[in-house]
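Q: turn this into a model:
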Amino acid sequence: MDASKGHNIRFVETFSPYLKPGGLMVVDNVLFKGWTYEPSEAPKRLQPLAKKMASFNEWLLKHSQFKTTIHPIGDGMAVAIKQ
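A: Predicted coordinates for the structure are as follows:
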């Protein structure tokens, strides 16, 4: 999934029912230049998006239907396997 960062939760909720158990979902750019760790270090205009991405990462990592790992490849990649 390489889509509008601010809508990632909605995309997962919309498309995850189409994934079978064992299906793989990959989400690109989840580290957002490292600003998801420290949103206050992002430029002021990007801080709300950095916070939203940090919330998405936490949400996906805790999602009961997925086993998720985040890899620091490029700008970050979340790999989620549907349980």
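Q: tell me the helices and strands packed up against the biggest helix by length in the chain.
A: Longest helix in the chain by number of residues (criterion: DSSP state H): helix 47-62. Judged by 3 or more C-beta pairs under 8 Å, 6 or more residues apart in numbering; DSSP states H and E, helix 47-62 is in contact with helix 8-15, strand 66-71, strand 77-82. (C-beta placed from N, C-alpha, C; glycine too.)
Q: would you mind listing the buried residues in the longest one?
A: So the one you mean is helix 8-15. The neighbour-count criterion (16 or more other C-beta atoms under 10 Å) identifies 8, 12 as the buried residues of helix 8-15.
Q: circling back to that earlier point, so which of the helices and strands packed on helix 47-62 gets nearest Gly22?
A: strand 77-82 (6.5 Å; C-beta to C-beta).
Q: relative to that closest one, what are the paired strands and their orientations?
A: strand 24-28 (antiparallel), strand 66-71 (antiparallel) (DSSP bridges).
Q: would you confirm that Lys82 contacts His63?
A: No. With contact defined as C-beta atoms under 8 Å, Lys82 and His63 do not form a contacting pair (9.6 Å).
Q: so what's the residue count around Ser64?
A: 6 (other C-beta atoms under 10 Å).
Q: who's in contact with the residue nearest to it when sequence neighbours are not counted?
A: Nearest non-adjacent residue to Ser64, counting by C-beta to C-beta, 6 or more residues apart in numbering: Gln83, 7.7 Å away. Contacts for Gln83 (C-beta atoms under 8 Å, 6 or more residues apart in numbering) come out as 21, 64-67.
Q: and which of the residues you listed is nearest Lys52?
A: Phe66 (18.8 Å).
Q: what about the closest one, distance to Trp35?
A: From Phe66 across to Trp35, the span is 23 Å (C-beta to C-beta, to the nearest Å).
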